[in-house]
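Q: Predicted model follows, preceded by the sequence.
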Amino acid sequence: MTVFVIRRLLQSLVVLAATAAIVFVGVYAIGDPAEMLIAPDATPAERAQVEASLGLDRPLPAQFLTFVVNALHGDLGRSFVFNQPSISLILGRLPATLELAFVAIVIALALGIPLGLLAGLKPRSATDEAIMTGSILGFSLPNFWQGMMLIMIFSVWLGWLPSTGRGTTGTIFGVETSLATWDGLRHLILPAVNLALFKLALVIRLTRTGVRETMPLDFVKFARAKGLTERRIVLVHVLKTIMVPLVTVIGMEIGSLIAFGVVTETIFAWPGIGKLLIDSIMRLDRPVVVAYLLVVVSLFIVLNFTVDVLYSILDPRIRVGRGA
C-alpha cells in the first residue's frame, strides 16, 4: 500500500507539472491583457508602466520561471482585474460550485440507481422502454437548452422558482451553504436539476447494464437455491457487484461536474468557479484562468486516488498494490 501511495503521488506530481507548463504557455501566449486594462487614450509610457507592473514586459520563459517559483510557495499569481491572489478568488467561489455539484450528484444517484434497477429487472417491458427513452433524452438534449427550458417553465410561466443567483445562505456545522435556508434551496433546485440530468441518464444506463449482466451469473442462481428472497439478492448481492463500475464512473463525473459546470453556472448566474472562469477568459485575466485549471487538475487527481481506494473496499478481489 505504501508503494502504491508513493507511486501515485509521483505520478500526480508529474501530471501537475506537465499541466502547469502546458496551461501557462497556452494561456499566456494568447491575447494581450493590457488592451483590456489600459484606457484607449493611455500614453506609451503609461502602457509600459502597466505592462511592467503585471510582468508582461518580460519574455515568456522568464514569466514561467517566476510562476513556478511562486507556485512552489503557494502563490498562483495575482488577478489582473480584481488585484487579489487568484487562488483566494477561486477558493472563495469553490464552496458554491461544490454545493451545486454535490446536490446534482445526489439527485442523479437517488433517482438513477432505482430507475436503473427497475429497468434492468424488467427488460423489454413498457417500464424499461419508458425509462430508457427518458435516459436517451437526458443524453441528447443540450445542457444550455435544458437550462433555458427550466427557467422558462418553472420561473417564467409557473413562477415557482427563482432563475438566477444563489439566494440567502446559512450555516450548517460552520459551513456556509444554500441548503440551510428555504430561499437558498429554492435558488439551488433549478441549476442542480439542470446539472444532474446528464449524469442521471448515465447512472440509469450503467445500473441497467450492470443488472442485466449480473442477474444470469452463477452466484445469483446459487443465492436463489439457498432460499434468499429476490429483494435481498438484488439489494445486497447484485447491487454490491454493480457498484464497482458505478464508483469509477461517478468518481470521475463528480470531477466533471465541478470542472465543466460552466454552462449551468453561467445560465443561472450561479456564483461559482465556472462563472468566474468565463468572466476571467473574457477579460484575459490569465492568473485566474491558470489557477482555475490547476485547481481542477488537482481535484481530478484526488478523485482518482479516492476511486482506487474505494475499489479495494467494494471488491476484495481488486488488490491496489498489485494492480497499480
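A: Perfect, I can see it now.

Q: rest of the way, CA atoms for contacts and neighbours
A: Will do.

Q: in this structure, which spans are strands?
A: 170-172, 175-177 (DSSP state E).

Q: possible to save those strands as TSV with mean neighbour count?
A: Output for the strands of the chain, formatted as TSV (neighbours: other CA atoms under 10 Å):
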stretch	mean neighbour count
strand 170-172	13
strand 175-177	15
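
Q: mind checking which of these is nearest Val106?
A: Of all these, strand 175-177 sits nearest to Val106, with 15.7 Å by CA to CA.

Q: hmm, who's touching the closest one?
A: Contacting residues not belonging to strand 175-177 are listed as Pro95, Ala96, Glu99, Thr169, Gly170, Thr171, Gly184 [CA atoms under 8 Å, 6 or more residues apart in numbering].

Q: I figured Asp128 was touching Leu118, is that so?
A: Yes: between Asp128 and Leu118 there is a contact under CA atoms under 8 Å: 7.3 Å.

Q: If you average pLDDT over each of the strands of the chain, which is lowest?
A: Lowest mean pLDDT within those: strand 175-177, at a mean of 80.

Q: Was I right to think Thr19 contacts Leu294?
A: Yes: using CA under 8 Å, Thr19 makes contact with Leu294 at a distance of 7.3 Å.

Q: So for those two, which residue has more residues nearby?
A: More crowded of Thr19 and Leu294, by other CA atoms under 10 Å: Leu294, with 20 against 16.

Q: Please name the residues that touch that one.
A: Counting by CA under 8 Å, 6+ apart, Leu294 touches Leu16, Thr19, Ala20.

Q: measure the last one to Phe268 for me?
A: So that's Ala20. From Ala20 over to Phe268 the distance is 30 Å, taken as CA to CA, to the nearest Å.

Q: and if you look at Ile113?
A: Ile113 is 27 Å from Phe268, by CA to CA.

Q: how deep is Leu161 tucked in, by neighbour count?
A: The burial count for Leu161: 19, using other CA under 10 Å.

Q: Now it. Nearest residue, chain neighbours left out?
A: Among residues not flanking Leu161 along the chain, Ser155 sits closest, at 5.2 Å (CA to CA, 6 or more residues apart in numbering).

Q: how about the one you found, what does it touch?
A: Leu161, Pro162, Ser163.

Q: Now, the residues you listed that are in helices?
A: Nothing among the contacts of Ser155 maps onto helices, per DSSP state H.

Q: and Leu202, how many neighbours does it have?
A: There are 23 residues near Leu202, going by other CA under 10 Å.

Q: OK, contacts around it?
A: By CA under 8 Å, 6+ apart, the neighbours of Leu202 are Gly112, Ser135, Phe139.

Q: Out of those residues, flag the one nearest to His237.
A: Closest to His237, out of all of the contacts of Leu202 and judged by CA to CA, is Gly112, at 18.5 Å.

Q: Pretty sure the closest one sits against Phe198.
A: No: with contact defined as CA under 8 Å, Gly112 does not reach Phe198; the gap is 10.6 Å.

Q: More neighbours: which of the two?
A: Each of Gly112 and Phe198 has its neighbours counted (other CA under 10 Å); Gly112 has more, 26 against 21.

Q: Skip the chain neighbours and tell me the closest residue to the more buried one.
A: Ile204 (4.6 Å).

Q: Check His237 too.
A: Nearest to His237 is Val220, by CA to CA, 6+ apart, at 7.7 Å.

Q: list the contacts for that neighbour?
A: Contacts of Val220 (CA under 8 Å, 6+ apart): Thr214, Ile233, His237, Val238.
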